[in-house]
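> Sequence below, structure please.
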Amino acid sequence: MSTYIDDGFNMSQKERHVQITDADDSVPSSEDGGVTPFRNLENRLLDTIERYWLFEFFGWTLALGCFIGTVSLLAVHNGKESPTWTLAVGTGHSRKSFGLTINTIISIFATAFSSGILIPVGASINQLKWVWFQKGRRPLAHFQKFESAARGPLGSIVLLWTLRGRRLACVGAVIVLAALGVGFSFQALVVYPLRAVPVGASAIQRTNNEWQYTSDTTEVPGSVIGAVYSGIFQYSSAYSSPWFVNAPEMKVSCSTGNCTWPQTYTSMSMCAKCHDITPSIRSTCGTAHVPSNEYYGQAESSTTTVPVQYCNYTLPNGLEISGLPSTNYTQFAMSSNVHDSPHFDADTTLSVLSAITTVWGASNPAAEYGSSNAMTFGVFSKAAMECGIYYCVQKFNTTVSSGALNERIVGTYTTGHYSTLDNAYVLEPPSSFTNVSTKDNPSANVYLTPNFLSIKQFFSTFWQGNCRVTDAGSTNPKTPCTSQTALLLGDENFGNYQTIFSRMAQAMSYAMRLQSTPDAEPTALGVAYQDKPHVQVRWGWLALPASLLGLALLLLVATIVTTAREKTLLWKGSSLAAFSHPLTSDARAAVSEITSPREVVRVAEKMEVKWEKTDRGFRLVRPHEACD
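Below is the predicted model:
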C-alpha cells in the first residue's frame with residue numbers, strides 16, 4: 001500500500017503530513033509544439049462560445065422555441081377534436097407503436113423549456129458571484145451560497161435570504177424557484193371538454209298517408225284500435241301502476257343516443273281537444289216526494305215522505321242525466337255524438353265524446369236541513385266536458401338526448417275535407433308550413449287517409465255508457481258502470497281528459513307513422529352526434545413561462561453588461577476557477593486544519609475576503625493581507 005493512502009486514511013496511527021512549499025505563481029510556458037490546426041480552430045471556437053455567451057443564448061433560444069412551439073401547437077388545435085398521433089419504433093416483429101397526444105408533446109416542451117431557461121440563469125448567478133466578491137469584502141461562505149443557488153431551489157431560497165432580495169443575482173434565484181411551476185403551468189394550459197361531433201345519420205318515421213291494408217273499407221285497422229286502447233289505458237289513474245308505461249313511444253333510429261334534426265318535418269297525425277261545456281247544460285226541474293228514511297239515510301222503513309226538488313240535465317246533443325231522487329241514480333253519463341256539438345264540425349271530426357257528471361248530497365246538512373245526517377239526495381254540483389278527435393298535420397322539432405326522444409310539436413294544420421273522388425280525407429297544408437316545395441312533386445304536401453269513415457264508424461259507439469250509484473243510503477255505496485270505458489272515464493276528473501285524449505291521439509299518430517314504408521314515405525333524416533374530447537386552451541397559464549423568458553433574458557443581458565463594466569474575469573460556473581484564483585496562503589492556513597464540512601462553513605461565515613488582483617494574479621484576499 002502506498003505511503004499516501006496509509007498516511008491519509010489510517011487514523012489509528014500518528015498522522016504524517018506531506019511537506020508543501022509554495023512555488024512562484026508564474027505560469028509555465030505552454031508547450032504548443034504539438035497543437036494541430038484543427039485543435040487550434042476548436043480552441044478558438046470554444047473560446048468564442050464562452051466569451052460571447054453563445055451557449056447561454058442557445059439555452060434561452062431553446063426555451064423560446066419550446067414556448068413558441070407550444071403556442072403554435074395549441075393555436076392550431078384549439079377548439080378542435082383532440083388529436084392522437086402514432087409513433088412507430090423498430091422494424092419487423094420488433095416494431096412497436098406508441099400513441100402521442102397533445103399532453104405528451106406539451107410535457108416534452110415543458111421539460112426542454114425548463115432545461116433551456118436554467119442554462120443562462122445558472123451561468124448568470126455563477127458569474128455574478130465573481131462580481132459580488134470583486135466589488136467588496138464578503139463572507140467566504142457566500143461563495144458556496146451562490147453556487148448552491150445556481151444548482152437548485154433550496155440554494156436559491158438561501159441566497160434570497162442572504163442578499164435580502166436586493167441584488168441582481170436574486171432575480172436568478174427567483175427564476176430558479178418559479179421554474180418549479182413550469183411543468184404544472186404547461187399542463188394546465190389544456191382541458192378537454194366533451195363536445196358533440198356528427199358521426200352519422202339518424203332517422204324517424206313520418207307519413208303523408210294512412211294506408212288501408214284491409215280488403216273491407218269499413219274495417220278499422222288493428223293498429224288503430226290497439227292505439228286507442230293503449231293511449232287511454234296507459235294514462236288512466238284507474239289502471240296506472242309502476243308496471244304500466246306512462247306514454248306510448250315513437251321508434252327512432254339513433255345509433256349514438258344523441259341526435260338532432262336540424263330542420264323541422266311534418267307528418268299526418270291525430271289531434272285532440274277538450275272543452276268545458278258546463279254552461280251548455282239545460283236543466284228541467286220538478287218536485288218529488290222521497291221516503292224520509294231514504295232521505296235521511298236511515299235503515300228502518302218510514303211511511304212519511306219529504307218533498308225534494310230535483311232537476312234533469314241535458315246537453316245540446318241530447319245526452320241526459322237524471323236528477324230524480326232514487327236509491328239508484330245516475331252519476332256519470334257519456335255518448336258518441338258528433339252532431340250538435342258546440343265546438344266540433346261533424347264533417348271533419350272523427351269522434352266527439354260528450355260526458356256529464358253530477359255530485360249529490362248536501363255540502364252542509366246541519367245548516368241546510370237541520371240534521372247532522374249525510375243527505376242522500378240533492379244535486380250539489382254538475383259539470384260537462386266535450387272532447388273531439390280529428391286528423392291533422394303536425395310539424396315537429398326533434399332531438400334525442402341520452403337515448404330519450406323529445407319530439408316537440410311546433411305547429412299544427414287542421415283544415416281538411418273529405419274527397420269523394422279519392423274516397424279519403426285530405427289535408428293540403430301550404431309549403432310555408434311544411435317547408436317542402438311542390439315544384440318537383442305536386443303531391444308532396446298532400447296528406448290523406450282512406451280510413452276516415454271506418455274509424456268514424458268505430459267511434460260512433462265507442463263512447464257509450466254510464467255509471468250509477470246504488471245503495472245510496474249506505475256508508476259504502478257502489479257505482480257499477482255499463483261499459484269498461486265508462487268505468488275508466490267516470491273515475492277521472494274532467495281536468496285530466498285533455499291529457500287522456502292527447503295521449504290517445506299520440507298513440508294513433510305513432511301507429512300511422514310506424515306502418516308507413518320508407519320507400520313510399522321518406523323518413524325524416526337528422527344527424528347523430530357523439531361526445532368527443534376537444535382541445536380548449538386556457539391562455540392565461542402562459543403568463544408564467546412568458547415571464548420567465550423575459551426575466552431570464554433581462555438577467556443574462558444585465559450580467560453581461562455588469563461583467564464588462566466591472567471588468568470581471570469570465571469564469572461563470574467553472575469549477576477550475578477556484579484552483580486558478582485560490583485563497584491566499586494566510587487564508588488557507590485558517591481553514592487547512594479543518595476536517596468537518598460544518599466547521600468550514602462556520603469559519604467561512606466569519607472570514608471576509610475580496611477577489612482582487614495581486615502580484616501573483618487574482619486571489620481571494622483577506623482585508624489585513626490587502627493592507628500589508
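> Can you name the next helix or strand after the longest helix along the chain?
In the chain, taking DSSP state H as the definition, the longest helix is helix 102-134. Going down the chain from helix 102-134, the next helix or strand is strand 138-139, by DSSP states H and E.
> Tell me the buried residues in whichever helix or strand comes after that following strand?
Note on strand 138-139: by DSSP H and E, the next helix or strand toward the C-terminus is helix 141-151. Within helix 141-151, the residues that count as buried by 16 or more other Cβ atoms under 10 Å are 141-143, 145-151. In this view, the C-beta of every residue, glycine as well, is placed from N, C-alpha and C.
> cool, stretch 348-361 as well?
Within stretch 348-361, the residues scored as buried using 16+ other Cβ under 10 Å are 348-358, 360.
> And stretch 439-457, by the same measure?
445-449, 451-456.
> now, among those residues, which is nearest to Leu548?
Nearest to Leu548, judged by Cβ to Cβ, of the buried residues of stretch 439-457 is Asn445 at 67.8 Å.
> what's around the closest residue to the closest one other than its chain neighbours, how many residues?
Using Cβ to Cβ, 6 or more residues apart in numbering and skipping the chain neighbours, the partner closest in space to Asn445 is Thr434 (5.2 Å). By other Cβ atoms under 10 Å, 22 other residues sit near Thr434.
> for the helix or strand containing Ser230, packing partners?
Under the criterion of DSSP H and E, Ser230 resides in helix 222-233. When contacts are defined as 3 or more Cβ pairs under 8 Å, 6 or more residues apart in numbering; DSSP states H and E, helix 222-233 packs onto helix 452-459, helix 484-490, helix 497-514.
> which secondary structure elements does the longest one contact?
In this structure, helix 497-514 makes packing contacts with helix 222-233, strand 265-276, strand 379-401, judged by 3+ Cβ pairs under 8 Å, 6+ apart.
> Could you dump these into a markdown table and include mean pLDDT?
Shown next, in a markdown table, are the helices and strands packed on helix 497-514 (pLDDT from 0 to 100):
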| stretch | mean pLDDT |
| --- | --- |
| helix 222-233 | 80 |
| strand 265-276 | 94 |
| strand 379-401 | 90 |
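> Mean neighbour count and distance to Thr61 for the ones you listed - can I get that in JSON lines?
Output for these, formatted as JSON lines (neighbours: other Cβ atoms under 10 Å; distance: least, Cβ to Cβ, whole Å):
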{"stretch": "helix 222-233", "mean neighbour count": "18", "distance to Thr61": "75"}
{"stretch": "strand 265-276", "mean neighbour count": "22", "distance to Thr61": "60"}
{"stretch": "strand 379-401", "mean neighbour count": "20", "distance to Thr61": "51"}
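> Which one, of the ones you listed, ends up nearest to Gln484?
helix 222-233 (9.4 Å).
> Now do the helices in the stretch 501-628 of the chain.
Taking DSSP state H, counting those that start in this stretch, the helices of the stretch 501-628 of the chain run over residues 543-566, 577-580, 585-591, 597-606, 623-627.
> Could you report the distance from the closest residue to Pro83 other than its chain neighbours to Val191?
Nearest non-adjacent residue to Pro83, counting by Cβ to Cβ, 6+ apart: His77, 6.1 Å away. His77 sits 13 Å away from Val191, going by Cβ to Cβ, to the nearest Å.
> so what's His581 up against?
Applying Cβ atoms under 8 Å, 6 or more residues apart in numbering, we find His581 in contact with 569, 571, 611, 617-620.
> so what are the domain limits for this protein?
Under the assignment the TED database, the domains of the chain span 37-189+538-571, 202-367+374-530, 581-627.
> Dump those domains into TSV; add distance to Arg195 as well.
Listed next are these as TSV, based on distance: least, Cβ to Cβ, whole Å:
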stretch	distance to Arg195
domain 37-189+538-571	8
domain 202-367+374-530	9
domain 581-627	59
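> Tell me which of those sits nearest to Ala196.
Short answer: domain 202-367+374-530, nearest of the domains of the chain by Cβ to Cβ, at 3.7 Å.
> Quick one: distance of that closest one to the chain centre.
Relative to its chain's centre, domain 202-367+374-530 lies at 41 Å (Cα atoms, centre = their mean, to the nearest Å).
> for the record, mean pLDDT for the longest helix of the chain?
Mean pLDDT, computed over helix 102-134, is 93.
> pLDDT and distance to Ala486 added to the buried residues of stretch 439-457, as a markdown table?
Putting these into a markdown table (pLDDT from 0 to 100; distance: Cβ to Cβ, whole Å) gives the following:
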| residue | pLDDT | distance to Ala486 |
| --- | --- | --- |
| Asn445 | 88 | 41 |
| Val446 | 89 | 39 |
| Tyr447 | 90 | 34 |
| Leu448 | 87 | 34 |
| Thr449 | 87 | 28 |
| Asn451 | 85 | 26 |
| Phe452 | 88 | 26 |
| Leu453 | 88 | 25 |
| Ser454 | 87 | 24 |
| Ile455 | 88 | 21 |
| Lys456 | 89 | 21 |
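> just those residues now: which is nearest Ile225?
Distance to Ile225 across those (Cβ to Cβ) is lowest for Ile455, with 9.2 Å.
> Surely that closest one is in contact with Val224?
Yes. The pair formed by Ile455 and Val224 meets the contact definition of Cβ atoms under 8 Å, at 6.1 Å.
> Show me which helix or strand of this structure is least confident by mean pLDDT.
helix 3-9 (a mean of 41; mean pLDDT, DSSP states H and E).
> any idea of the angle the stretch of helix or strand Trp161 belongs to forms with helix 141-151?
Per DSSP H and E: Trp161 is located in helix 153-163. Relative orientation of helix 153-163 versus helix 141-151 (axes from the mean of the first three to the mean of the last three Cα atoms, to 10 degrees): 140 degrees.
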